[in-house]
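**Q** Need a 3D model of the following:
(one chain, ligands or ions: 1)
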Amino acid sequence: MRILIIEDEKGIANFLHDGLTEEYFAVDVASDGKAGLQMALSNDYDLLLVDWMLPGISGIEIVQQVRKVNPKIPVIFLTARDTVDDTIFGLESGANDYIKKPFHFSELLARIKVQLRPQNSENGFLELGPIKLSTETHQVFKNDKEIILTQKEFSLLEYLMRNKGRVCTRTSIIEHVWDIHFDTDTSVIDVYINYIRKKLELDSKELIHTLRGVGYIAKEDS
Ligand code: CA
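**A** As a prediction, the model looks like this:
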């Protein structure tokens, strides 16, 4: 899952970047409104964290622009403003939630998880045949035995499982699992798929299927 932070206070932006990276997110940061809007419109983010008061273009304007092309993307405002009127205005502008500065990282993380809770899961668990993946604790089990994956392996498997039964193109995988510093060689996806298959003891025709020239699809064998 990939998040864009649009925040001009460097300290807060760095703190959020590091905290969210530790929580297995791919994270990009923009430090002014113009750059933030451009990034939000040109990449396929899973969630936006937007500061209200930004140089250039305000957080409200960014959300209004992004909503025109991407009505469903979850947006959380970071704001120091806290009057009731401001809160209502913020939510009416299209944000899904807001958090007042200063805030505890754990509270923000909980709010992010609410927005990104997978629809097809029970208690945050995604299932694919004998494989269970917890989006909460980042654990993976096969037939109830825990399998230890690295952060990237986990994020890639999570993306495929969130989209179970749907084709995941190479471009969409890169967009949702890697951040903006990714260097365009998509063969890295195949390398990570091989690591995952090896650790989960799956052959190439089991559960995670290769679509030659297109990408991958996670689906239960019928
Ligand atoms: Ca600000």
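**Q** I'd like to know which elements the lowest-mean-pLDDT helix or strand in the chain is packed against.
**A** For the chain, scoring each helix and strand by mean pLDDT, DSSP states H and E identifies helix 84-92 as the least confident one, at a mean of 73. For helix 84-92, the elements it packs on are strand 75-79, strand 97-100, judged by 3 or more CB pairs under 8 Å, 6 or more residues apart in numbering; DSSP states H and E. C-beta coordinates here come from the backbone N, C-alpha and C atoms, glycine included.
**Q** how about the ones you listed, which one is nearest the ion?
**A** strand 75-79 (8.0 Å; CB to the ion).
**Q** how far does that closest one sit from the chain's center?
**A** Per CA atoms, centre = their mean, to the nearest Å, the displacement of strand 75-79 from the mean C-alpha position of its chain is 16 Å.
**Q** try stretch 103-111
**A** With CA atoms, centre = their mean, you get 16 Å for stretch 103-111.
**Q** Can you give the domain ranges for this protein?
**A** Dividing the chain into domains by automatic domain parsing, as the record does, gives the ranges 2-115, 125-218.
**Q** could I get the ones you listed as CSV with mean neighbour count?
**A** CSV is the format used below for the domains of the chain (neighbours: other CB atoms under 10 Å):
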stretch, mean neighbour count
domain 2-115, 17
domain 125-218, 16
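**Q** tell me the pLDDT at the closest residue to Ser58 other than its chain neighbours?
**A** For Ser58, ignoring the flanking residues on the chain, the nearest one in space by CB to CB, 6 or more residues apart in numbering is Gly33 at 6.3 Å. The pLDDT attached to Gly33 in the predicted structure is 96.
**Q** For Gly33, give me phi and psi.
**A** In this entry, Gly33 is assigned phi and psi values of phi -60, psi -40 (degrees, to the nearest 10).
**Q** so which of the helices and strands packed on helix 84-92 comes closest to Ile174?
**A** The stretch from these with the least distance to Ile174 (CB to CB) is strand 75-79; that distance is 22.6 Å.
**Q** Just list what the closest one packs against, helices and strands only.
**A** Taking 3+ CB pairs under 8 Å, 6+ apart as the contact definition, the neighbouring helices and strands of strand 75-79 are strand 47-51, helix 59-69, helix 84-92, strand 97-100, helix 105-116.
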